[in-house]
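Enquirer: below are the sequence and a predicted model for it; my questions follow.
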Amino acid sequence: MHVAGRIEDYALIGDMQTAALVCRDGTVDWLCLPRFDSHAVFASLLGTDEHGFWRLGPSSPAETVPPNADRRRYTGDSLILESEWDTPRGTVRVTDFMPPRDGAPQLVRIVEGISGRVPMRSALRMRFSYGRVTPWVHKIDDRTVAVAGPDSVWLDTDAETYGKDLTTYSDFTVSAGERVAFTISWQPSHRDQPALSDPESALVATAEFWRDWVDQCTYHGPYREAVVRSLITLKALTYAPTGGVVAAPTTSLPEEIGGVRNWDYRYTWLRDAAITLSSLLRTGYREEARAWREWLLRAVAGDPENLQIMYGIAGERELGEAELDWLPGYEGSTPVRVGNNAAHQLQLDVYGEVIEALHLAHMTGLARNDYASELQLRLIRYLQTHWNQPDEGIWEVRGPRRHFVHSKVMAWVAVDRTIKLLESGDAGGPLEQWRELRDDIHRDVCEKGYDAERNTFTQSYGSQELDASLLLIPQVGFLPPDDKRVIGTIEAIQRELSTPDGFVLRYPTSGVEAGLDGLAGDEGAFLACSFWLADDLAMIGRVDEARRLFEKLLGLRNDLGLLAEEWDPHAKRQVGNFPQAFSHVPLIDTALRLTASGAYQG
């Protein structure tokens, strides 16, 4: 029985429409078809083998020879995974990838003998609807097909297959120089069977795609390896047909092992996508930035005043939340959720992040779109009468609404960037009125969100608690980095929200009791916040300290350069959905800042 690995044991492969997670032992434990947000065909990540998996590796994995009996890597700057195993009978390699889609979505696995003769086994157990539905598996010609309801998955291989215990097996031996390929393809069950794949040609084309894409990167600084791997990850999380970017390709990987903080991240958060656009623009990827802007304009068309914080990857508005009670959860972390009720929360900071992204696109010369400017003006008109309302804030609290300081700061950003648009002459509006609005918001925050006795901004008006989102105050230009209130806030967060390792918590949690966010339990250090602290330290002149923290954060990545949402400082492991765009974007931003400051010492 295979048991799901630690979160950092997984590799990501994908085709810019969906993604799979591959464990160190060669098991695909998670794959949704045909889209990121579709039902999973392999869901053992959140359950057991009974919920679907595809294992491909040596027949007797216990015979692998330590140390370093298994190793893996991406081939160059790509999303093509190579896993190797040393056994007493020889060495074997499995290459896993998903070709950028031109027709049916495919997952290709190529077994290659490196030395000796190694017995191998493929065990494929397809379960539809997140492991709940066992399909009808049968042969059509030499192809194996699994069918249930609207879905069909086709297996193609030259290896001999057989069925046993509702699983499709293939036992074979591979010698040095031999290659055996397996491909699964998804197709709507009412359609004709998909075309046969050519795995070797697909491998060449996939390698060429990633090589050409990475060549566009304009960053050539000392942290290029980490930056490029993060950019590839962000590209993999982009839904190519629309330009929407998912926060992560998974649902319900817990923020606390065994806890209830388990959410579905397979949607496009405006906040995450906006900061992703910023990183892409700053590293040369204008086409992806343009596609995201077009996605945004379509998603909010017709109702921009009722801006949602997130949408489906094609702009869908209804993301109703449900619990899958037949899945026992990752390491017993329940409930397993699909959908996300936070979609209809009021989070005023989103207006600032979206307008900041549109401002950056405008400033970097992205082709003008008149509707983008009109959208920006309509959003400001909404904020003009709503900025002083309480909201759920950046962290999507499920408790009562509050006047979150970060939300007010980002409302200020929205107005400030719109004023700059008007000052450039590229749009018209009540300039003096909005300058007054900007001043009103700034004054309100400084009077009501600042604790003069402790010399720190606080999480919300009248509260004593801190919040790591306050680290963004100097980064968005609300106050200069050398302002004593900014420095005091940074130092307070270091004192009160840092773990012994120096990483940063989002805000205080309360263990078994419902805390500030309306939820029981605790969580790990939030990686994005830790990168924000490194940024702030660099901005206030503590550059060496910033560099040390950044490089410590790089050390938390798994062996393939991937990060989840959080780091558990007690268990020393990654937690939360994986890989997480909201971790990889600030990694890129901090690398760019430290490179510009000359902080690297190598």
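Expert: Great, that's in hand.

Enquirer: once you drop chain neighbours, what's closest to Ala148?
Expert: Pro135 (3.8 Å; CB to CB, 6 or more residues apart in numbering). Heads up, the C-betas are built off the backbone N, CA and C, glycines and all.

Enquirer: report the contact partners of that neighbour.
Expert: Met126, Arg127, Phe128, Ala146, Val147, Ala148, Asp151, Ser152, Val153 (CB atoms under 8 Å, 6 or more residues apart in numbering).

Enquirer: let me see the ranges of the helices in this structure.
Expert: 128-131, 199-214, 224-236, 270-282, 286-300, 349-363, 370-386, 405-423, 431-448, 484-496, 527-539, 543-554, 581-597 (DSSP state H).

Enquirer: what's near enough to touch the closest residue to Leu587 other than its chain neighbours?
Expert: Excluding its sequence neighbours, the residue lying closest to Leu587 (CB to CB, 6+ apart) is Ser230, at 5.1 Å. Shown in contact with Ser230 (CB under 8 Å, 6+ apart): Gly561, His584, Val585, Leu587, Ile588.

Enquirer: would you confirm that the fourth one contacts Leu563?
Expert: Yes: the pair Leu587 and Leu563 qualifies as a contact (CB atoms under 8 Å) at a distance of 7.2 Å.

Enquirer: follow-up on the earlier one: quick one, phi psi at the residue nearest to Ala148?
Expert: phi -80, psi 170 (degrees, to the nearest 10).

Enquirer: flag every buried residue along the longest strand anywhere in the chain.
Expert: Criterion DSSP state E: the longest strand present in the chain is strand 106-125. By 16 or more other CB atoms under 10 Å, the buried positions in strand 106-125 come out as 106-114, 116, 118-125.

Enquirer: ditto for stretch 77-96
Expert: 77-87, 89-96.

Enquirer: ok, now stretch 309-319?
Expert: Ile309, Met310, Tyr311, Gly312, Ile313, Ala314, Gly315, Glu316, Leu319.

Enquirer: do the same with stretch 149-167
Expert: Buried, per 16+ other CB under 10 Å, within stretch 149-167: Asp151, Ser152, Val153, Trp154, Leu155, Asp156, Thr157, Thr161, Thr167.

Enquirer: let's have those residues in TSV, adding distance to Gly428 and pLDDT.
Expert: Shown next, in TSV, are these (distance: CB to CB, whole Å; pLDDT from 0 to 100):
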residue	distance to Gly428	pLDDT
Asp151	52	96
Ser152	55	97
Val153	55	98
Trp154	57	98
Leu155	60	98
Asp156	59	97
Thr157	63	97
Thr161	67	96
Thr167	66	97
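
Enquirer: I'd like to know which of these is nearest to Glu50.
Expert: Closest to Glu50 out of the buried residues of stretch 149-167 is Thr167 (10.4 Å), distances taken as CB to CB.

Enquirer: tell me what the closest one is bridged to.
Expert: Thr167 has these beta-bridge partners by DSSP bridges: Lys164.

Enquirer: circling back: from the buried residues of stretch 309-319, which has minimum pLDDT?
Expert: Across these, the smallest pLDDT goes to Ile309, namely 89.

Enquirer: name the nearest residue to that one, sequence neighbours excluded.
Expert: Ranked by CB to CB, 6+ apart and with sequence neighbours excluded, the top spatial neighbour of Ile309 is Gln347, at 4.7 Å.

Enquirer: is the one you found in contact with Pro390, as I believe?
Expert: No: in this structure Gln347 lies outside contact range of Pro390 using CB under 8 Å: 11.1 Å.

Enquirer: which one of the two has more residues nearby?
Expert: When Gln347 and Pro390 are compared for neighbours, Gln347 comes out ahead with 26 against 15, by other CB atoms under 10 Å.

Enquirer: quick one, what contacts the more buried one?
Expert: Per CB under 8 Å, 6+ apart, neighbours of Gln347: Arg271, Ile309, Asp391, Glu392, Gly393, Ile394, Glu396, Ser407.

Enquirer: what about 10 Å?
Expert: Going by CB atoms under 10 Å, 6 or more residues apart in numbering, Gln347 touches 269-271, 307-310, 353, 391-397, 404, 406-407, 410.

Enquirer: quick check: it vs Arg282, distance?
Expert: Separation of Gln347 from Arg282 (CB to CB, to the nearest Å): 24 Å.

Enquirer: what's the answer for Gly90, then?
Expert: Relative to Arg282, and taking CB to CB, Gly90 is found at 47 Å.

Enquirer: okay, and the beta partners of Gln187?
Expert: Bridge pairing for Gln187 (DSSP bridges) gives the partners Ser152.

Enquirer: rewinding a little: what's the farthest-apart pair in the contacts of Ser230?
Expert: Largest separation among the contacts of Ser230 by CB to CB: Gly561 and Val585, giving 14.3 Å.

Enquirer: the two: which has the busier surroundings?
Expert: Neighbours of Gly561 and Val585, each counted by other CB under 10 Å, are more numerous for Val585; the result is 26 against 20.
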